[in-house]
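# let's see this in three dimensions:
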Amino acid sequence: MASLSLKQLGGGNRSAARLPGSRSRRPGSAPPSRVGFRVLASGDRAEPDLSVTVNGLDMPNPFVIGSGPPGTNYTVMKRAFDEGWGAVIAKTVSLEAEKVINVTPRYARLRAGVNGSAKGQIIGWENIELISDRPLETMLKEFKLLKDEYPDRILIASIMEEYNKAAWEELIDRVEQTGVDAIEINFSCPHGMPERKMGAAVGQDCALLEEVCGWINAKATVPVWAKMTPNITDITQPSRVALKSGCEGISAINTIMSVMGINLDTLRPEPCVEGYSTPGGYSSKAVHPIALAKVMSIAKMMKSEFDDKDHTLSAIGGVETGGDAAEFILLGADTVQVCTGVMMHGYGLVKKLCAELKDFMKMHNFSRIEDFRGASLQYFTTHTDLVQRQQEAIRQRKAVRKGLQSDKDWTGDGFVKESESMVSN
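Numbering: from 1, shown residues only. Below you'll find the model as predicted:
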């Protein structure tokens with residue numbers, strides 16, 4: 001990709017000015033406005049600036065700990081802040097933690113190469129883990145302790161409840177009292193919780209989603225992100241409903257429903273609990289292309305229908321390198337979440353992500369995230385349009401032949417070269 005200038009991309013700051021009626025964080029503190037993200041310009045143009053501002057809240061970089069084990073208690077969230085993560089989203093909490101009973105083992109991995117090999121690179125990760133099984137009061141005390149110790153760092157609560165307005169209102173009120181900076185609503189957990197009409201059971205039902213989002217946004221006084229499930233035909237439909245119902249942002253994607261595999265020696269599924277298993281959520285590098293497609297669809301919808309710069313997108317799915325993150329930002333993401341990557345590589349991964357993202361920015365002479373956010377979105381179109389574009393290009397090239405125009409042009413002798421002539425990378 002050729003270097004793109006700021007003028008070419010039209011990358012101005014996304015306003016962080018307070019709007020009338022915007023939600024405040026808590027009494028006695030400077031309230032964040034419920035508006036979109038912007039990127040802070042760097043005084044030193046030679047060194048790319050990764051900092052972003054989210055609803056008036058400053059992050060040193062766009063890398064966010066995704067809700068899950070990396071944000072399950074005070075100790076690990078403190079570690080994330082100390083290592084330099086831009087923000088932390090805690091593991092999802094609900095009012096009645098005693099109903100949450102996890103099993104062990106609850107993870108299974110997929111490696112490149114022969115199924116069951118212990119040597120291949122890990123490319124897939126399945127979990128059958130539920131939301132937090134720790135008492136809500138314990139989690140709330142730890143949220144408050146973290147905000148007291150790290151008042152300038154961004155802590156986001158992830159919450160989930162059953163189909164009960166009063167329960168949602170109580171949970172939001174109790175969570176906000178700890179001083180968290182924003183709330184992410186888990187509408188997307190694919191296993192266990194839907195059995196209680198929670199998680200994906202809401203995210204897959206637009207009528208139910210609209211009603212619950214209405215309850216949430218009538219109560220919440222901090223920015224709200226809706227975390228979407230990929231286990232649906234068109235992810236833009238629930239995303240649109242969430243935004244129209246008052247949510248400021250969309251997080252996508254959560255894990256993909258999966259069966260990791262069958263042990264060919266024991267004939268039992270993985271992860272195996274007392275000889276049995278259940279479908280779970282799939283993550284890690286193998287889901288990255290699927291996540292890119294879902295994020296692209298949401299970003300295009302948001303750009304065409306919500307182009308007021310007050311709605312934001314947090315991308316999730318298989319991020320292990322700065323390049324993975326750059327792809328999401330090029331598709332319009334404001335922040336990038338990492339969960340499984342931390343479980344595999346540790347909290348220090350953020351330093352590698354920041355360094356590699358800066359290297360990408362230097363290569364293209366980008367000084368801020370906003371300089372290239374959404375730059376690649378314009379290159380997605382329909383297959384019909386691709387055909388028309390290629391036909392026009394062929395006409396323009398005239399005598400210059402590149403690729404085959406029709407299936408009748410394939411030959412047996414030149415099959416490999418003819419295949420290569422139509423590969424783009």
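# have a look at this structure and report the helix or strand with the lowest mean pLDDT.
helix 6-9 (a mean of 39; mean pLDDT, DSSP states H and E).
# now do the strands in the stretch 301-425 of the chain.
312-316, 335-338 (DSSP state E, counting those that start in this stretch).
# any chance of JSON lines for the ones you listed, columns distance to Lys165, mean neighbour count and mean pLDDT?
Just so you know, the C-beta spots here come from the backbone N, C-alpha and C atoms, and that holds for glycine as well. Output for the strands of the stretch 301-425 of the chain, formatted as JSON lines (distance: least, Cβ to Cβ, whole Å; neighbours: other Cβ atoms under 10 Å; pLDDT from 0 to 100):
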{"stretch": "strand 312-316", "distance to Lys165": "26", "mean neighbour count": "28", "mean pLDDT": "96"}
{"stretch": "strand 335-338", "distance to Lys165": "28", "mean neighbour count": "27", "mean pLDDT": "98"}
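# measure Leu145 to Asn127 for me?
For Leu145, the distance to Asn127 equals 27 Å [Cβ to Cβ, to the nearest Å].
# neighbour count winner among the two?
Ranked by neighbour count (other Cβ atoms under 10 Å), Leu145 and Asn127 place Asn127 first, with 24 against 14.
# how far away from the center of its chain is the helix or strand encompassing Ile185?
Using DSSP states H and E, Ile185 maps to strand 182-186. The chain centroid and the centroid of strand 182-186 are separated by 12 Å under Cα atoms, centre = their mean, to the nearest Å.
# elements contacting it?
Other elements packing on strand 182-186 under the criterion 3 or more Cβ pairs under 8 Å, 6 or more residues apart in numbering; DSSP states H and E are strand 154-159, helix 165-176, helix 206-219, strand 224-227.
# CSV for the strands of the stretch 301-425 of the chain, including distance to Thr53?
Below are the strands of the stretch 301-425 of the chain laid out as CSV (distance: least, Cβ to Cβ, whole Å):
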stretch, distance to Thr53
strand 312-316, 11
strand 335-338, 11
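# straight-line length of stretch 94-111, end to end?
34 Å (Cα to Cα, to the nearest Å).
# contacts for it, please.
Here stretch 94-111 makes contact (Cβ atoms under 8 Å, 6 or more residues apart in numbering) with 117-136, 159-162, 167, 170-171, 196, 198, 260-261, 270-273, 280, 284, 286.
# among those, which are in strands?
Ile122, Ile123, Gly124, Trp125, Glu126, Asn127, Ile159, Gly261, Glu270, Gly280 (DSSP state E).
# filter these to the buried ones?
Neighbour-count burial (16 or more other Cβ atoms under 10 Å) applied to the ones in strands among the contacts of stretch 94-111 gives Ile123, Gly124, Trp125, Glu126, Asn127, Ile159, Gly261, Glu270, Gly280.
# pick out whichever of the residues you listed sits closest to Ser51.
Ile159 (27.2 Å; Cβ to Cβ).
# any idea what the closest one is bridged to?
Val93, Ile185 (DSSP bridges).
# I'd guessed Glu176 sits against Ile216; true?
No. Using Cβ atoms under 8 Å, Glu176 is not in contact with Ile216, being 11.6 Å away.
# intersection of neighbour lists for the two?
Ile183.
# just the element for Ile232, please.
Using DSSP H and E, no helix or strand contains Ile232.
# Asp152 too?
Applying DSSP H and E, one finds Asp152 in no helix or strand.
# pLDDT at it, what is it?
With respect to pLDDT, Asp152 scores 93.
# count of residues packed around it?
As a measure of burial, Asp152 has 9 neighbours, counting by other Cβ under 10 Å.
# now it, nearest residue through space, not along the chain?
Distances taken as Cβ to Cβ, 6 or more residues apart in numbering put Asp58 closest to Asp152, at 7.3 Å, once the chain neighbours are dropped.
# quickly list what the closest residue in space to Thr255 that isn't next to it in sequence is bridged to.
Spatially, and ignoring its direct neighbours in sequence, Thr255 is nearest to Gly281 (2.7 Å; Cβ to Cβ, 6+ apart). Going by DSSP bridges, Gly281 is paired in beta bridges with Asn127, Met257.
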